[in-house]
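Visitor: Fold the following, please.
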Amino acid sequence: MLRIYGSANSRAIRVLWMAGELGIAYEHKDWLPRSPETRTPEYRALNPNGRVPTIDDDGFVLSESMAINFYLAKKHRSALSPANPKHEALALQWSLWETDRLDRQIVNYVQHTKALPAAERKPAIAEAAWKEVVPALDVLETALTKSKWLAGPAFSVADLNVAAALVRALSIDLAKWPRVQAWLNTCWERPAAKKARAMREK
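Guide: Residues are numbered from 1 along each chain as shown. All right, here's what the predicted structure looks like:
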């Protein structure tokens with residue numbers, strides 16, 4: 001059976017969402033980043049970085065949430081894994097783009113404007129992050145004016161990976177980017193997405 005290590009309050013939310021889309025059974029180790037469980041020799045043997053998520057799929061161990069989702073979608077022959085090589089390349093492009101342009105930036109912005117206690121927020125970090133978030137969202141908005149989805153004619157691993165990473169963007173004003181807002185809300189209205197989000201908010 002598939003075992004997923006990582007709390008929904010981490011990047012593991014992407015993997016939990018994917019497992020829900022695929023309808024596959026799994027065992028869940030609900031571990032937060034940097035929790036004591038991730039520091040044990042047993043876990044470090046699975047993931048020397050000590051990060052989450054990690055999966056153990058009947059002995060095949062893999063980390064990095066984007067890679068995990070590509071693997072799971074392809075293994076289970078899901079329509080979420082684009083069959084067209086060009087669409088697959090686009091899915092990779094957008095997943096890698098997100099990790100570089102929006103992943104840490106959106107986290108820093110929301111942490112230092114909303115999530116952290118007021119006394120712990122650092123406006124300078126929020127401002128610097130926002131300066132990177134804006135052009136990235138501009139790029140995403142432009143892409144979504146050309147196509148409803150990021151990698152082909154239907155929702156795919158590309159949309160799941162990027163939308164899952166932007167879960168924090170659900171709490172900010174995206175009026176300047178109406179297509180991003182509509183796309184993001186559509187992605188998060190999927191039943192598997194709602195289930196993953198409920199795990200995060202419990």
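
Visitor: hey, let's count contacts and neighbours off CA atoms from now on
Guide: Noted.

Visitor: Quick check, residue 168 in contact with residue 111.
Guide: No. Residue 168 is not in contact with residue 111 according to Cα atoms under 8 Å; the separation is 9.2 Å.

Visitor: out of those two, which sits in the busier spot?
Guide: residue 111 (19 against 16; other Cα atoms under 10 Å).

Visitor: ok, now how distant is that one from residue 125?
Guide: Residue 111 is 9 Å from residue 125, where distance means Cα to Cα, to the nearest Å.

Visitor: Can you show me the helices along the protein?
Guide: Remark: helices assigned in the chain by DSSP state H are 12-22, 41-46, 65-75, 85-101, 103-110, 123-146, 157-165, 178-188, 191-201.

Visitor: Mean neighbour count, these: which tops it?
Guide: Highest mean neighbour count of the helices of the chain: helix 157-165, a mean of 26 (counted as mean count of other Cα atoms under 10 Å).

Visitor: which outside residues touch that one?
Guide: Helix 157-165 is contacted from outside by 11, 13-14, 17-18, 66, 69-70, 73, 80-82, 90-92, 94-95, 98, 103, 149-151, 184, 187-188, using Cα atoms under 8 Å, 6 or more residues apart in numbering.

Visitor: let's see 7 Å
Guide: 13-14, 66, 69-70, 80-81, 91, 94-95, 98, 103, 149-151, 184, 187 (Cα atoms under 7 Å, 6 or more residues apart in numbering).

Visitor: Could I get the pLDDT score of the residue of the chain positioned farthest from its centre?
Guide: For the chain, the largest distance from the centre (Cα atoms, centre = their mean) belongs to residue 119, which lies 28.1 Å off. pLDDT, residue 119: 95.

Visitor: go on, residue 127?
Guide: Reading off the model, residue 127 has pLDDT 97.

Visitor: One more: residue 43?
Guide: Looking at residue 43, its pLDDT reads 97.
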